[in-house]
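sequence first, then the predicted structure:
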Amino acid sequence: MRQPAGEAMARDTTGTSAASDAAEVEESDVSEEPGFDPDATGVIPRITIPLDEPATPETGAREPGAQDEDAAPPPGDPETDDPETAEDEATQESALPRLAQASDDETTGESALPQAAQDNDEGDVTLETAPPGRDEGDGDETNPVIRPPEPEPELDDVTEVTQVVRLPSPASRTGAQPEESADEQEDGTEATTVAKRVPVAEFAHVGRAPGAPEAPGVPEAPEAPGVPEAPEAPRTPAVPQRKPAAPGWGARLAALAQSAPRWLPVVLVIEGLLMYVLALRVSPGPLRGVDPADISGLGLISAMPLSAFFAIILMIVSFFMTVTQSTDRKFLLLFQIAAITFALHGAGAIVAEAPRFPTAYVHAGFVDFISRTGETAISLDARMAWPGFFALFAFVGKAAGITDFTTILNWTPLLSNLLYLLPFVLILRQVVATTRARWFAALLFILVQWIGQDYFSPQGFTFALYLAFVAILLRWFGKVETRARPLPAKGRIRRLLAKLDTMLPGELAYTGTFRADKLLMLLMLIALFFAATASHQITPFMMLGVLTAFLLVKRTSLTWALPFFFGLVVLAWISYQTVGFWQGNMDAIFGGIGRLLENLQRGTGDRIAGSDPIHALVLKTRLGICAVVLLLAAAGLFRRLRRGVFDRAALVLLCVPVLAMGLQSYGGEMGLRVYMFMLPGACLLAAYAFFPNLPADSEDASDETVPFRKRNVRFHPRTTRIVSIVLAACVAVTLSMAFLIARYGNEKFERVTAGEVAAMRYVYEHDQPSARVLYLTPKLGPEVTPILPWGEKDFEKVDFTQQALVHKDPTDIKGVVDKLKSSERNTFLAVTRGQAAYLQLNEGYPDDWYQRFVAALDGSKEIKKVYSNESAALYTWKKFVKGTEIPLPRYSSGGPGDPGSPWSVVGVLALAVTWLALFSYEVIRLHGRDKAPRARRRLLWVAVPAFVIALAVIVERFLYIGLNMFH
């Protein structure tokens, strides 16, 4: 029995079919199919849609006034509002042939066969499908082969498959042109898919679940008028397909080489990381291991094996292989930078037998003191006036039950630098730069961070707070304004500044933030500033300077209320919480103001003068790295300006820390602090020296922008990219080697040995009720600190403030013996190899000074050695006068406290009112510029006089307490 060609038929995903009668066809033109489950059927889902318009039985042409399906929804659709369209669609007399979208059968491995369809005289669509095993060279997808109509098979012997066809051109649909061959068809034919019925013998069980019975009793539907029966296509026996042969070794190697950009960087970075660890940790040998005895004036690099350098180069090469790819592989790049950070900043922890850097031990002693006593002691050390960092770790140690901070001290430098990466990467996301520029800036930030302030210290902790502060300012409160006013007519400087305003901003304005999120970030900014103020002396001023500069260059949406808020916080902390520090150190605080050149000289030239010739190379390398970074930053700024981009935020981050050089020398280390704080801006601008172009999604993102003079020599963009990447890689490798010299150049005296730690612990065991330690120094002065792991325990019991002057002649021990004789009972003279190495490298003492000095002390009859090992020795006075008692500890609980002034209470009240008013003003301003103007004016009327009163009281306290100190 034949099935009418115009019948509308639907087959569900289980293989059962049902014919729709004429009434159902009139109700809806689109059959709905259930959800597709490929695991149950193993076939591709078929989406059926009707033809664009019905065909007339007389001419096969498109009926006048017929509407497309794309133009109007089907009848019965609740979304349609046109009753005439619904009525026309409901009165169609015959079902339309169904179309199905074409797709390859991923389950069976067979793809849809090329087919063609053309309207015949009756408007039907005739398909041609190549039998199995037949070559399809007669036609392609553009020019399909047109075959005469073929008869429909019996209902019980058919199934449906999805095939690709092309509908005839609009001219052929209307019957205006005679039928033409496939080669003569127009290129504008429209491709679609048709569900074709083929015998079940050719596609057994396709579209029906295995074992599912056929649908019984399918009723016949009336044939559409004027539709001839298509003859059945000749059948060709199926040819069994051969299993494809396995690819040979050559093909596999070719495929592996082709996919090398994806797996080779991962292999290289892991291989370099493992090679580096083995090179430093295994027993010393010709190509592996580090022998501390081989460390010279160049530091750790003189004892590192060649395999360690090769491992660092491998990791850097892996980074550049990844960053040059067209895709941004964020996680891999972050892992590679973390691996390079581990290699460079973790080298000291890998080879150390004890935590390096002596000052870290005294910070651990502060933490131990606060944990035991629950209070601070400014009289013992001025750093106790900023106890935020120490109190935090005292709380963490007590809560976690940590009593020994040795492991934390050892790995803090590495963890600190990994922590710095997180906010710095967030800062890089807010600049208009390419992916290469951003990631290269992150790499530079690691390569030039040699300062060594990342140990267990408040400075290392607050630097992370500073980076987070800047990241929040740019990310959640960033603002970009373009100049709308015309350029001024007169004045070169004014016109130059106005032209800078018209340039493309180098930052992104983040506007997709809710007010609640901004309020949370504002509270976070305040919390970070309070934490930095309570932990360090310099960092709050850096934060305040950056915020003020962002307001001046219009790169933040915050108001001027916040700088006044933060400025009052710093002044109030110094006035009320650090009285014990500035009460007797007024000259140290304010004596260096305005001495920019003097402070710079103390941090650079004075350190080089008198140093060992080899060790002087370390100091020169540090200055060279600083100079290279600044030169690259200047080149990057110039290249960005040539491309019409003005990076105000990066320029602010670079220039603001330099102003701190005019404040004070900070013990000769202000230059190091300035270099540390300007690194974020300097590294970003230095990356632009190699990759100055704009990102691809920018309006001006061409590979090469037009320079000022068009006659300049211009290379091909591809050549420029290759040269830039090669130069950047060479600079990175050079800076990594220079980093090892600059960072670990002092390793001979900054490394701490287990013997030195053991000698100090001997003192802690004999400090009842107190003890004193004499340390060696080439000159007497308050700025000279001990080069030994001092103050780790019993900080209030052991006095480390006494100095013993030594000379280049190691046999001249008279001054040391007299100092020990005049000291109180239970005083120890500490002689260590670290102190001797410092004297040798920085003061020009002889190489064998330690051995000869210890021999001279051993020969003295007035002192005796109470402890010794290969790295340290302790001496005391041999005979004390009878009745001499060991003095009590110099610290007593409580302390003098704040002497106060007549107006101190008024000042506290004025501070509270000012902070509350300014904070409320800033919160209201978050809602918009025009929100509650009257309320903001009232808050200003309250905040301004309160601010003046609070500032006046702070000045009054400085004068009153400072003057009374001298009476």
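It's in.

in the one helix or strand A471 maps to, which residues are buried?
Taking DSSP states H and E as the definition, one finds A471 inside helix 458-476. Of all the residues in helix 458-476, those buried under the rule 16 or more other Cβ atoms under 10 Å are 458-476. No exception for glycine: its C-beta is placed from N, CA and C like everyone else's.

need the residues that contact stretch 404-414.
Residues outside stretch 404-414 that contact it (Cβ atoms under 8 Å, 6 or more residues apart in numbering): 341-342, 345-346, 348-349, 352, 354-356, 360-361, 364, 367, 393, 397, 402, 452, 454-456, 460.

derive a ChimeraX selection command for the buried subset of these.
The ChimeraX command for the buried members of these (criterion: 16+ other Cβ under 10 Å) is given here:
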select :341,342,345,346,348,349,352,354,355,356,360,361,364,367,393,397,452,454,455,456,460
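
so of the contacts of stretch 404-414, which ones are in helices?
Among those, the residues falling in helices (DSSP state H) are 341-342, 345, 348-349, 360-361, 364, 367, 393, 397, 460.

if you go through the stretch 451-600 of the chain in chain order, where are the helices?
For the stretch 451-600 of the chain, the helices defined by DSSP state H, counting those that start in this stretch occupy 458-476, 492-502, 515-533, 539-552, 561-577, 579-582, 586-590, 596-603.

picking that back up, can I get the ones in helices among the contacts of stretch 404-414 in CSV including pLDDT and distance to F310?
CSV is the format used below for the ones in helices among the contacts of stretch 404-414 (pLDDT from 0 to 100; distance: Cβ to Cβ, whole Å):
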residue, pLDDT, distance to F310
T341, 96, 18
F342, 96, 16
H345, 95, 19
G348, 90, 20
A349, 92, 21
A360, 93, 31
Y361, 94, 35
A364, 94, 36
V367, 94, 40
F393, 95, 38
G397, 92, 40
G460, 94, 30
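
can you put the residues you listed in JSON lines and add distance to T827?
JSON lines is the format used below for those (distance: Cβ to Cβ, whole Å):
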{"residue": "T341", "distance to T827": "43"}
{"residue": "F342", "distance to T827": "43"}
{"residue": "H345", "distance to T827": "38"}
{"residue": "G348", "distance to T827": "32"}
{"residue": "A349", "distance to T827": "34"}
{"residue": "A360", "distance to T827": "25"}
{"residue": "Y361", "distance to T827": "20"}
{"residue": "A364", "distance to T827": "23"}
{"residue": "V367", "distance to T827": "26"}
{"residue": "F393", "distance to T827": "31"}
{"residue": "G397", "distance to T827": "30"}
{"residue": "G460", "distance to T827": "33"}
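
let me have the helices of the stretch 451-600 of the chain in JSON lines, extended by distance to R890.
As requested, the helices of the stretch 451-600 of the chain are exported to JSON lines (distance: least, Cβ to Cβ, whole Å):
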{"stretch": "helix 458-476", "distance to R890": "23"}
{"stretch": "helix 492-502", "distance to R890": "58"}
{"stretch": "helix 515-533", "distance to R890": "29"}
{"stretch": "helix 539-552", "distance to R890": "30"}
{"stretch": "helix 561-577", "distance to R890": "22"}
{"stretch": "helix 579-582", "distance to R890": "14"}
{"stretch": "helix 586-590", "distance to R890": "21"}
{"stretch": "helix 596-603", "distance to R890": "30"}
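
what packs against whichever strand or helix holds A837?
According to DSSP H and E, A837 maps onto helix 833-843. Judged by 3 or more Cβ pairs under 8 Å, 6 or more residues apart in numbering; DSSP states H and E, helix 833-843 is in contact with helix 747-750, strand 771-777, helix 849-859.

circling back: so which of the helices of the stretch 451-600 of the chain comes closest to A935?
helix 561-577 (13.2 Å; Cβ to Cβ).

contacts for the closest one, please.
By Cβ under 8 Å, 6+ apart, helix 561-577 touches 385, 525-526, 529-530, 533-534, 540-541, 543-544, 547-548, 551, 582, 898, 904, 907-908, 911, 914-915, 918-919, 921-922, 925, 943, 947, 950-951, 954, 957-958.

which of the residues you listed are buried?
Buried by 16+ other Cβ under 10 Å: 385, 525-526, 529-530, 533-534, 540-541, 543-544, 547-548, 551, 582, 898, 904, 907, 911, 914-915, 918-919, 921-922, 925, 943, 947, 950-951, 954, 957-958, out of those.

so where is the stretch 251-400 of the chain shaky, pLDDT-wise?
286 (pLDDT under 70).

all helices of it, in order?
Taking DSSP H, counting those that start in this stretch as the test, the helices found in the stretch 251-400 of the chain are 260-281, 306-323, 330-345, 347-351, 359-373, 388-400.

okay, buried residues for the fifth one please.
The reference is to helix 359-373. Buried-residue list, helix 359-373, by 16+ other Cβ under 10 Å: 359-371.

taking these, tell me the two that lie furthest apart.
T359 and S371 (19.1 Å).

what's around W877, how many residues?
19 (other Cβ atoms under 10 Å).

which residues does it contact?
Counting by Cβ under 8 Å, 6+ apart, W877 touches 820-821, 823, 825, 827, 862-864.

A257: which of those residues is nearest?
For the contacts of W877, the nearest to A257 is T827 (71.8 Å; Cβ to Cβ).

number of nearby residues for that closest one?
Neighbours of T827 under the rule other Cβ under 10 Å: 21.
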